[in-house]
Every structure is written in C-alpha cells, then in structure tokens.
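S.K.: Next come a sequence and a model predicted from it.
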Amino acid sequence: MKKAMKRASLVLLALVMVLTMFGCGSRDGEAKFEAGTYTGTGEGIHGDIVVSVTVDENEILSMEVTEQSETQGLGDTAIEKIVQDILDSQSLAVDAVSGATYSSNGTLAAVTDALTQAGADIDALMEKSDGGDSAEAIVKDADVIVVGTGGAGMTAALEAARAGSSVIIIDKMSFVGGNTLVAGSAMNAPEPEEQKKQEMDDVRMATIEKILALDPVDDYMARWQATVAADMEEYNANGETYLYDSTDWFKLQIYVGGDYVGNPVLIELLAENSLASVKWMEEAGTIWKDDIVSVYGSTWTRGHNPTLDWGTAGAGFVLPQQARLEELGGEVLLGYKAEHILMEDGRVTAVTGTTNDGAPFTLNAAKGIVLATGGFGANVEMREEYNTEWPSLLNQKTTNPASSTGDGIAMGKELGANLVGMEWIQLIPYSHKALTATIDGCVMLNKDGERFVPEDERRDVIAAAALETSDQKMYWLYDKKTIIDELHGTSIYGEDIATEFPDGETAFYADSIEEIAKQSGIPYETLKKTIDDYNAAVDSGVDAIGRENLKMKIDEAPFALITNEIMVHHTMGGLEINTDAQVLDADGNIIEGLYAAGEVTGGIHGSNRLGGNAITDIVTYGRIAGINVSK
Ligand code: ADP
C-alpha cells in the first residue's frame, strides 16, 4: 500500500442533468450500456485512480472518484476536470489537462475500464464529434491572431494589444499556459548589480578562462571574448571577488553550450534583451524572489525565480500577461485547435481549425499571425523522424504536456517555412516531485548512492550519464538550506515538503541521511561516504568529478530525496525566424505576416538549450513578435 494512497481520497461526485425525454442517446433503440454501477481502475502518476461509474441504458449518469493520490492542486484538479468533461460530452474524446497528462490519462483509463464492463462501444465513445449539422462555422476578425497560450503566445498577445492591435489568442487545450505552466525553471538574465552580492570562486574563474582560451569560430565569438577578456582584466586589476556576469559572457555561454550550432545573431538579441524581459515580466505582475540562482543545466548563476504568488512557479510566467491582455480587451479562446494557415497574394490572412465542439473556425488576421505552439516533445512520431542524436526516443516519457505536438511546425512547413535544428532534442532528469530548479544545494546520485556526473554540467551531459546507470534513474538529495531556508518548506507545486511531498516511492523526507537511506533503499554506507566527500570538496574547492558550483554543503537536517527519470524535455529545432521574429522560407525570404516565438522556433539555442533560457527566450521573442506583428 503506497503511503500517498492513505491520504484521504478525494471523493468527487459529479452528477449530470440527463435529458432522456426522447430516449436521447440510444441509436435505433439499441442500448448503449448495461445499466448499473461499475468500478474502473487506471494508472496515475502516484498510483491507481479508481472511478465508480453509474450508467443507465443510454447515459453516463454519475461518476465518483473513490481512490487517487495525485499531486494536490494539479493532478486532483485534472481528475475533476476530466470527469466533468466526460459527463458533459457523454464521450471519452476529451483532452488531457495541460501539465497533468498522467493524471488525465489515468482517469480516462479508469472510466474506459468501467464503461467496457458496462458493455459500451469504446471506439464510438472515443470518436471526436464532428459537430454534425448543428456545429456552425465560426468566423472572427482581429488585427492579430496568436496561436498558443504558453509564455511566448501570451507575451506576444500582450505586446500586440499594448501596441494598439485587436488580438485573439487561441489554444487547443481547455486551459491556458501550455508547457510554460509546468515549467519549474527560472529565467536567466545577467543582472550584475544583484550578482555582485555573491562571491566568485576559483572554479568559476577557471570556467571563464577556459572559454576565453577557445579559438573563436567567428567574428561574433571573437568580439564577445574580447569584451569579457577586457572586463576580466579590469576585474583582476581591481582585486574584485564578486560573481561576474555580462551580456557578452551570457552570449558566449549560450553559443559554446550549444556547440556553436545556434545563430549568433539571435543569441545576441536574446542576451541583450534578457534583463529587459525580466523587468517587463515584473511590470506585468510577476513577482521575483530576491536571490539570483544557478538553474540546473544553466552553467552560471543568473536565474530569476518567480514566487508562488500566481499559484505555481510556471503560472508566474503566463497568468500575469493574460490578466493584462484581458484588461486591454484581448480575447482568449480555449478549445480552438489551429490546423492551417491561409495565404492570399503572398501574405498570411487567417488561421483555420476546429473547436473542441467540432465547429470549424476561421480567424481572419488583418495584420498578422503569431505561431507560439511550443515544441514537439510529446509527439513520438516527430521525435522519431528527426532524432539523430539519441539511440531511440520511442519509449521515453516526456516532461511536456500532451499539447506539445509540433502543430505550429507542421503548419509553418505547409507554407514552405524553413526548419532548423530539428535533430536536437533535449533530455532531462524529471520527477513530478520538484523542489527547485537550482542545483546549488543538490547532489545527484545513482541508486548505489554515488555521484556520477558534475551536477552543474550541461543537460545533455547529465542525461547521457544517467542513461548509462543501471536503472537509468537519478536520485537528487537536498538539505535544510534548500528545503527550509530557500523554499520555506514548500515544493514548487505548493506541497508541504514534510507532509504532502513524500510519497514513499519516489520522494522522501527525513531528519537524517540514515533514514533517507532506509526509506529509499540507497545503501547507507556509500551514501554517507559520498556526502562526506562532497562536503570536503566544498571546503577544499576541488571536486573529484569536476563540479564547479561548490557553494553549499549537504549537512543540515532535514533532508529530502527525489527520484528522477530521464525524459524528453525540450525540442531545440523548429521554424527559422529572423531578428523581427518573422518566419523565413528555405530561401531565407520572409513569409509575409507570419511570426513565431518560443519553442516552436529553432536555431537559437543550438544543440543544447541552457537551463533557465527557455523563459528568457519565450518572453524576449514573444515581445519581439508581438511588437512587429502590430506594425
Ligand atoms: P512556449 O513555451 O513556446 O510558449 P508552450 O508549450 O508553453 O510553448 O505553449 C504552447 C501552447 O500552444 C500550448 O498551450 C498548446 O496547447 C498550444 N497549441 C499547440 N498546438 C496548437 C494548435 N494546433 N492550436 C492551438 N493551440 C495549440
């Protein structure tokens, strides 16, 4: 019996008003179900989801969730929504809830199980309604149509509205936020005034020296190296010890960290605007924590972390823009799936698609269209088509919601858009139990309790190392300094770390390393030695496996440990854009009126996106797209 299961199960009784007056629902007098109450089980992220479904011959009458242990505030909300959607639509063709794919699919599986027992024709229930004759075509007009309500789309929509355009933003899901909503990450931007409060160490100095010593691959890199070298000369001459950063150092790290595959022109624009984007978010309503942190996979300490004031960390990257957009009269349409973009006389004119109710829609854009549909991490076929870097990604889970299916890439391709960097797919360790994106106070272990990769390495290096371990998993350990001092005892999903966070299976919390070992099954002796060695490395400043970020020991109770699996996280490739966020065709020509921003675009991050740069990208290029489409 799983510990989390013991939690009082959410009892959700949803009743539907059933109109059976004309025997509605039965086809040719044939019964759809065998009347009765049936219990079905599906697999959620933490364990079984059990649903009791009551039907008469024609209708699903009610459903009760009798057992579940999904993440509070996310998974349980998803269950509620899926149950209600099934009841409302009397169908199993309902969309997974953004960010809670496992809980959504588990609920759907449980209901499917129950209805199978009731003798239902599951295939018929899975069919999306085409709306029949009653679904009237929807036609709407606006200056700007934005497709996708993640951070990129919301930002673009808000900027367009601020520039005086009428704006419609759509999403195929019934929730806003996309992948951005589940982002636990921070937003990178050099902010030297703040970073000066922190100290630089020898290892970081060595990192700078190492990159300055590289042969420049082009004039951009040579120029960035020259300014950083000049900065460091002055820094050293003045005997400074603070944590150095600059936009040119940021550019160098993006370029080098992406193996020089990224477009230096787009990198330059990203870095130059990064701090302005942080300030822009703040002005829109995002509330930042005071500390600048080192995000996992970021390779430097320049991450700005939102507080939980908007609900979750990710919500702070989307909901503030939505609130401002709606104040300006922007229209947010959910359950609108874009399928094609129309073109007339060499210019895009409209987005067409189908609503969740089966109604065809045409949204005419007087000024232009912004594609902000995110990546293709959840599209297994596309992953297989383009992946050349990993052995196979066929069975790899993804951190992305089900909506990340590369639709915008397909729509752009239809118009002749050029695709760049499609082979670069990022894998990361992932758990539904997340504490923080910073690795400052985190050590990463294998199941034998040993460290096997520098925690501050690039994401591709960490993922590749983890795939080499015997169970392809990683175990991340934190102590009080992260749990209490930084997080104040609350996970990024708002769970109380002492009580709601541990599930006895993947997430553990205890007052001693010994107890953590006992709970997780990691051998205590090895674990203790690993921690002792790591703490000694923090003292000496030299880590045996080359970790450079040696800011914090792991030595204060309580402790928390999270099991991570390796999952598809980000797709670096996508539509090629120019510095105005205009989509380009294979000959480098602009596709008039078509803009793109965020993960749907390619070519910015190269082979490997640094941790904390996705939000910087979506806000920066979202703004650029929103401003330019309004011109
Ligand atoms: P980004 O981080 O680039 O902003 P996200 O993944 O956060 O990207 O958001 C992309 C959004 O686009 C998601 O909310 C997703 O549901 C939406 N989306 C994807 N494809 C379509 C489509 N065909 N029509 C409408 N919305 C879409």
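M.R.: Ah, there it is.
S.K.: interface residues of the stretch 301-450 of the chain facing the ligand?
M.R.: Proximity of the stretch 301-450 of the chain to the ligand is assessed by Cβ under 6 Å from any ligand atom, with 337-338, 372-374, 403-404, 407 identified as the residues in range. Using the backbone N, CA and C atoms, a C-beta is placed for each residue, glycine as well.
S.K.: and which of these is nearest to R204?
M.R.: Ranking these by separation from R204, with Cβ to Cβ as the measure, puts G374 on top at 33.3 Å.
S.K.: For that closest one, grab the count of nearby residues.
M.R.: Other residues near G374 number 32, with proximity taken as other Cβ atoms under 10 Å.
S.K.: A163 reaches G626, doesn't it?
M.R.: Yes: with contact defined as Cβ atoms under 8 Å, A163 counts as touching G626 (7.0 Å).
S.K.: which of these two has more neighbours?
M.R.: Neighbours per residue, other Cβ under 10 Å: of A163 and G626, the larger number sits with G626, 31 against 17.
S.K.: so the more buried one sits in a helix?
M.R.: Yes: according to DSSP: H, G, I helix; E, B strand; the rest coil, the state of G626 is that of a helix.
S.K.: Can you tell me the closest non-neighbouring residue to it?
M.R.: Residue nearest to G626 in three dimensions, not counting chain neighbours: E159, with 2.8 Å by Cβ to Cβ, 6 or more residues apart in numbering.
S.K.: V256 now?
M.R.: That would be I211: by Cβ to Cβ, 6+ apart, it lies 5.7 Å from V256.
S.K.: residues near the one you found, how many?
M.R.: Using other Cβ under 10 Å, I211 has 19 other residues around it.
S.K.: Quickly find the element holding it.
M.R.: I211 belongs to helix 202-212 when assigned by DSSP states H and E.
S.K.: Packing partners of that helix?
M.R.: For helix 202-212, the helices and strands in contact under the criterion 3 or more Cβ pairs under 8 Å, 6 or more residues apart in numbering; DSSP states H and E are helix 219-237, helix 247-257.
S.K.: and these, which is most packed in?
M.R.: Using mean count of other Cβ atoms under 10 Å, the stretch among the helices and strands packed on helix 202-212 with the greatest mean number of neighbours is helix 247-257 (a mean of 24).
S.K.: Surely A350 and P360 touch.
M.R.: No: applying Cβ under 8 Å, one finds A350 not in contact with P360, separated by 11.9 Å.
S.K.: CSV for the helices and strands packed on helix 202-212, including mean pLDDT and distance to the ligand?
M.R.: Formatted as CSV, these follow (pLDDT from 0 to 100; distance: least, Cβ to the nearest ligand atom, whole Å):
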stretch, mean pLDDT, distance to the ligand
helix 219-237, 98, 25
helix 247-257, 97, 17
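S.K.: so which of the ones you listed comes closest to I145?
M.R.: By Cβ to Cβ (comparing all of the helices and strands packed on helix 202-212), the closest turns out to be helix 247-257, at 30.7 Å.
S.K.: Which secondary structure elements does that closest one sit against?
M.R.: Contacts of helix 247-257 with other secondary structure elements, assessed using 3+ Cβ pairs under 8 Å, 6+ apart, are made with helix 202-212, helix 219-237, helix 264-284.
S.K.: just how off-centre is that helix within its chain?
M.R.: Taking the mean C-alpha point of helix 247-257 and that of its whole chain, the gap between them comes to 23 Å (Cα atoms, centre = their mean, to the nearest Å).
S.K.: Look up the closest residue to V295, ignoring the ones flanking it.
M.R.: Using Cβ to Cβ, 6+ apart and skipping residues adjacent in sequence, the residue nearest V295 is G612, 3.6 Å away.
S.K.: ok, residues contacting stretch 380-400?
M.R.: Residues external to stretch 380-400 that are found in contact with it (Cβ atoms under 8 Å, 6 or more residues apart in numbering): 179, 182, 374-378, 404-406, 409, 422-425, 427-428, 430, 565-569, 571, 573, 607.
S.K.: Quick check: residues of this structure near the ligand?
M.R.: Applying Cβ under 6 Å from any ligand atom, we find that the chain lies next to the ligand at 147-153, 170-173, 178-180, 337-338, 372-374, 403-404, 407, 598-600, 618.
S.K.: ok, now with 5 Å
M.R.: 148-152, 171-173, 178-180, 337-338, 373-374, 403, 407, 598-599, 618 (Cβ under 5 Å from any ligand atom).
S.K.: about what we covered before: restrict the helix holding I211 to CA atoms and write it as PDB.
M.R.: Output in PDB follows, covering the C-alpha atoms of helix 202-212 (Å, rounded to 0.1, in the frame of the first residue of the first chain):
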ATOM      1  CA  ASP A 202      38.400  29.900  -8.400                       C
ATOM      2  CA  VAL A 203      36.500  27.300 -10.300                       C
ATOM      3  CA  ARG A 204      34.200  29.800 -11.900                       C
ATOM      4  CA  MET A 205      37.200  31.900 -12.700                       C
ATOM      5  CA  ALA A 206      38.700  28.900 -14.400                       C
ATOM      6  CA  THR A 207      35.500  28.400 -16.400                       C
ATOM      7  CA  ILE A 208      35.800  31.900 -17.800                       C
ATOM      8  CA  GLU A 209      39.500  31.400 -18.600                       C
ATOM      9  CA  LYS A 210      38.700  28.100 -20.400                       C
ATOM     10  CA  ILE A 211      36.100  29.800 -22.700                       C
ATOM     11  CA  LEU A 212      38.300  32.800 -23.300                       C
END
